[in-house]
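Student: Pasting the sequence and the predicted coordinates here, then a few questions.
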Amino acid sequence: MSAKPQVIVSAGFDDIRARHLRFLEESSRLGELTVLLWPDAAIEKQTGRPPKFPFAERHYFLDAVRYVSRVVEADVHTALNGVPLNLGAALWTDWNDTSTAARRQFAADHGLGYRVFSDEDLAGFPEPPPMPSPPGRRKVVATGCYDWFHSGHVRFTEEAAAYGDLYVIVGHDANIRLLKGEGRPLLPEAERRYVVGSIQFVKQVLISSGEGWLDADPEIRRLKADAYVVNEDGDKGGKREYCEKMGIEYIVLKRTPAPGLPRAGTAAAQQHGPARFLKGKDQMLKTGILNPRLNSLLSRVRHTNTLVIADRGFPFWPMIETVDISLVDDVPTVLQVLEAIRGNFVVGKAWMAREFTRGNPARTRAAFESALKGVELKFEPHADFKKRVPHAVGLIRTGDTTQYANIILES
């Protein structure tokens, strides 16, 4: 059998998205694929600004893509319009975003085939077939939205796959919208399935068919999973109790970065995350918060996400993350927490129960209105107010004894 032809692609692959993966997939159909990855200086030379993600992080991501055979660092001086001839490539594949006349000429001058993929060639998100694996391995499941896939997710799948064949179940669009509100997910379920399924550590990706925080239950039962893997942030929503009931091993992984990378891609994620790289007035976190759990929660609030600040008597909501900072009655108060938070992210809208205006004196009402000055504040029946709570990113519980002092903030 003749050896597969050698195919090469050359690009920066900064902020890898589904369309990049489709390009790599189609290129790999033509032969064994080498990625010539531009160093940081080459990206800055082309764009006039540093890359969003450093070379080591981009290299790590591409190394994990199932369509890629190897990743080689490009020479900063020749990366934009040429490829090394000593890599044995017979074909250089390109696409509309990067194809230039200079590249075409280089390929012609050196006897290289040159194929440019059009947007139509890369349309759609085909379901990745299951990765081959030895029979009899344990079945391990992981669940999530995976709306903005980055190197931290790659690392999670790498570690989870050490426990067996990894099946990732992504939440279906309607359920993500139910849990996180309108505007989510950012990407449709077929695209999210495709991106996660392009990672070599993942055996297969399924789309959930249930509802709520355990929307993957039908798929878990059908797979007869042996283990359920989550990271520290995902250890909530009744998953531990579910596994105990089902007799499934429950594994919680710590967020450990790949060697040589920042912690789980957080440096890049904070700058270039799913809020479409918020900057300026839309950037939420501005200064430090002393409480580490509260600081972590605030750093994950993005544009149009909501956050609840609750009084002492507000019901417990097991399906959302809760940071309880209550000490004794009225320590701290809702207003004290609100004042601290207002200095750390932009608040666009707020909701309170209509009963607050009827059950508290004018001085208390004036204090809340002053604290929310400049924010669009809406009052609604307490029953309607509580319906918004499950869609929040998290809840901060205080020791406030003020009647109906609960506030929902939208960033």
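Tutor: Arrived safely, thanks for sending.
Student: tell me the SS of residue 377?
Tutor: With DSSP: H, G, I helix; E, B strand; the rest coil as the basis, the three-state label of residue 377 is strand.
Student: burial count for it?
Tutor: Here the number of neighbours of residue 377 (other Cβ atoms under 10 Å) works out to 15. (Each C-beta comes from the backbone N, C-alpha and C, glycine too.)
Student: Could you double-check that it lies in contact with residue 369?
Tutor: Yes: Residue 377 is within contact range of residue 369, at 7.3 Å (criterion: Cβ atoms under 8 Å).
Student: now the host helix or strand of residue 175: how far from the chain's centre is it?
Tutor: Here residue 175, judged by DSSP states H and E, is contained in helix 173-180. Centroid separation between helix 173-180 and its chain, computed with Cα atoms, centre = their mean, to the nearest Å, is 15 Å.
Student: from now on call the first residue 424
Tutor: Sure thing, new numbering starts at 424, so read that last one as helix 596-603.
Student: ok, residues contacting the helix or strand just after that helix?
Tutor: Next helix or strand after helix 596-603 toward the C-terminus (DSSP H and E): helix 612-620. Helix 612-620 is touched from outside by 440-441, 444-445, 548-551, 568-570, 572, 576, 580, 591, 593-596, 608, 610, 625, 627-630, with contacts defined as Cβ atoms under 8 Å, 6 or more residues apart in numbering.
Student: Among these, name the buried ones.
Tutor: 441, 444-445, 548, 551, 568-570, 572, 576, 580, 591, 593-596, 608, 610, 625, 627-630 (16 or more other Cβ atoms under 10 Å).
Student: Just the pLDDT for the spatially most central residue of the chain.
Tutor: Nearest to the centroid of the C-alpha atoms of the chain, with distances taken as Cα atoms, centre = their mean, sits residue 571, at 3.5 Å. pLDDT, residue 571: 84.
Student: I'd like the distance between it and residue 619.
Tutor: 12 Å (Cβ to Cβ, to the nearest Å).
Student: cool, and residue 655?
Tutor: Where residue 619 is concerned, residue 655 sits at a distance of 20 Å (Cβ to Cβ).
Student: The two: who's more crowded?
Tutor: Neighbour comparison, residue 655 and residue 619: the larger count goes to residue 619, with 24 against 12 (by other Cβ under 10 Å).
Student: Tell me how many other residues crowd the closest residue to residue 607 other than its chain neighbours.
Tutor: In this structure, residue 607 finds its nearest non-sequential neighbour in residue 599, 5.4 Å apart by Cβ to Cβ, 6 or more residues apart in numbering. Residue 599: 23 surrounding residues under other Cβ under 10 Å.
Student: Mind jotting down where the strands sit in the stretch 674-823 of the chain?
Tutor: Along the stretch 674-823 of the chain, the segments classed as strands by DSSP state E, counting those that start in this stretch run 729-733, 744-747, 772-776, 799-803, 817-820.
Student: need the helix or strand of the protein with the lowest average pLDDT.
Tutor: Least confident helix or strand, the chain: helix 689-695 with a mean of 41, by mean pLDDT, DSSP states H and E.
Student: can you give me the helices in the stretch 524-673 of the chain?
Tutor: Assigned by DSSP state H, counting those that start in this stretch, the helices in the stretch 524-673 of the chain fall at 524-532, 574-583, 596-603, 612-620, 640-646, 662-669.
Student: Would you convert the ones you listed into a markdown table that also reports distance to residue 491 and mean pLDDT?
Tutor: Listed next are those as a markdown table, based on distance: least, Cβ to Cβ, whole Å; pLDDT from 0 to 100:
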| stretch | distance to residue 491 | mean pLDDT |
| --- | --- | --- |
| helix 524-532 | 20 | 96 |
| helix 574-583 | 13 | 94 |
| helix 596-603 | 29 | 89 |
| helix 612-620 | 14 | 97 |
| helix 640-646 | 28 | 97 |
| helix 662-669 | 33 | 95 |
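Student: Residue 545 against residue 447, yeah?
Tutor: No: in this structure residue 545 lies outside contact range of residue 447 using Cβ under 8 Å: 10.0 Å.
Student: Looking at the two, which is more packed in?
Tutor: residue 447 (23 against 19).
Student: Let me see the contact set for that one.
Tutor: Residue 447 makes contact with 432, 456, 458, 488, 490, 491, 621 under the criterion Cβ under 8 Å, 6+ apart.
Student: so what's residue 634 closest to, chain neighbours aside?
Tutor: Nearest residue to residue 634, sequence neighbours excluded (Cβ to Cβ, 6+ apart): residue 598, at 5.6 Å.
Student: got the contact list for the one you found?
Tutor: Contacts of residue 598 by Cβ under 8 Å, 6+ apart are 631, 633, 634, 635, 638.
Student: What's the separation between residue 754 and residue 762?
Tutor: Residue 754 is 14 Å from residue 762, by Cβ to Cβ.
Student: That should have said residue 580, apologies.
Tutor: 41 Å.
Student: State the three-state secondary structure for residue 521.
Tutor: At residue 521, secondary structure determined by three-state DSSP is coil.
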